[in-house]
Structures are given as C-alpha cells and as structure tokens.
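Visitor: Provided below are the primary sequence and the corresponding predicted coordinates.
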Amino acid sequence: MMQTELLTKRNIATIGEEITHELGAELVNNYRKANPNDVQGYIIGKEILTQILAQPGCAGIQFHNAINEVGQKTLVYVGLDQNGKQLINYTVVTEDAQLQKQKGIVADRSIPSPSGDDPFFGDDTWFIID
C-alpha cells in the first residue's frame with residue numbers, strides 16, 4: 001500500500017535519471033559481487049518498449065521479476081499510467097466515435113545479457129568486476 005501511495009504522489013513520467021558511467025559500473029558490480037550466479041542483466045529491444053510507451057495514457061514502464069515457462073528467470077513488463085496503475089486495459093475512441101476497451105501490452109521475451117567477459121561485448125565493456 002505504501003508503495004502505491006508513493007507512486008501516486010510522483011509524476012511517473014519523471015521517475016529515473018541519468019547517472020555517471022562510474023556510478024553505473026559501481027552499482028552493477030555491487031550486484032554482481034553479491035549475486036555471482038544470478039542473471040546479470042537483460043536485453044530488451046526498442047520496438048516493444050516503444051509499443052508499450054505509445055499506448056494511450058502510458059507514462060512509464062514497470063518491470064517485474066518472473067520465471068518463464070521453462071523455469072528461467074526473466075522480466076515481465078507493462079505500461080503504467082500517470083497514477084502508477086498498470087495499463088492492463090485502456091479505452092480508445094473508434095472511428096465511429098464509440099468507446100472501446102483494448103488490452104494493454106504485457107511483454108516478456110527479453111534475453112539475458114552475456115557476462116562482462118563474454119566476447120559478444122568485446123574488450124570495452126565497462127561493467128567488469130575487478
């Protein structure tokens with residue numbers, strides 16, 4: 001309940017901010033050191049994020065830790081309105097001026113990112129555990 005109250009008092013669209021590369025590396029490395037056997041990150045494509053954000057009334061995206069059909073850790077993500085409510089359904093006006101309910105996008109199928117020493121990223125990866 002407290003979390004919901006905090007969200008409704010904030011402008012959802014303004015949550016999050018840019019941080020320095022150094023702080024980002026520190027935060028990621030802290031997690032990796034504390035959880036060396038956990039999934040280290042996820043890759044999500046621009047297209048699904050754009051589709052979620054383009055939904056009427058969408059002000060942000062909420063990411064949920066989840067377990068997929070084959071038992072692997074993943075993320076499920078869904079749009080949020082300005083009050084922090086998930087966009088499971090939303091209303092649109094049709095061409096003939098009728099109100100119609102549509103299902104919001106609930107997404108998955110991100111892929112785990114390779115570890116920092118993976119050749120996929122090359123030698124310039126900055127999220128490396130020292």
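Guide: The structure has been received and is ready for your questions.

Visitor: Would you map the helices across this protein?
Guide: Per DSSP state H, the chain carries helices over the ranges 2-8, 21-34, 46-53.

Visitor: Cys58 - nearest residue in space that isn't next to it in sequence?
Guide: Leaving aside its sequence neighbours, Cys58 sits nearest to Gly79 (Cβ to Cβ, 6 or more residues apart in numbering; 4.0 Å). (Each C-beta comes from the backbone N, C-alpha and C, glycine too.)

Visitor: For the most far-flung residue of the chain relative to its centre, which residues are in contact?
Guide: With Cα atoms, centre = their mean as the measure, the chain has its most outlying C-alpha, relative to the mean C-alpha position, at Asp96: 35.0 Å. For Asp96, the set of contacting residues under the criterion of Cβ atoms under 8 Å, 6 or more residues apart in numbering is empty.

Visitor: Next one, pLDDT for it please.
Guide: For Asp96, the pLDDT comes out at 87.

Visitor: Who does the residue nearest to Cys58 form a beta bridge with?
Guide: The residues paired with Gly79 through beta bridges, assigned by DSSP bridges, are Ile61.

Visitor: Report the contact partners of it.
Guide: Shown here is Gly79, whose contacts under the criterion Cβ under 8 Å, 6+ apart are Ile52, Leu53, Gln55, Cys58, Ala59, Gly60, Ile61, Gln62, Gln86, Leu87, Gly104, Ile105.

Visitor: Identify the residue spatially nearest to Asn11, adjacent ones excluded.
Guide: Nearest residue to Asn11 in three dimensions, chain neighbours excluded: Gln82, at 7.0 Å (Cβ to Cβ, 6+ apart).

Visitor: now swap in Val106 and tell me
Guide: For Val106, the spatially nearest residue (Cβ to Cβ, 6+ apart) is Val78, at 5.1 Å.
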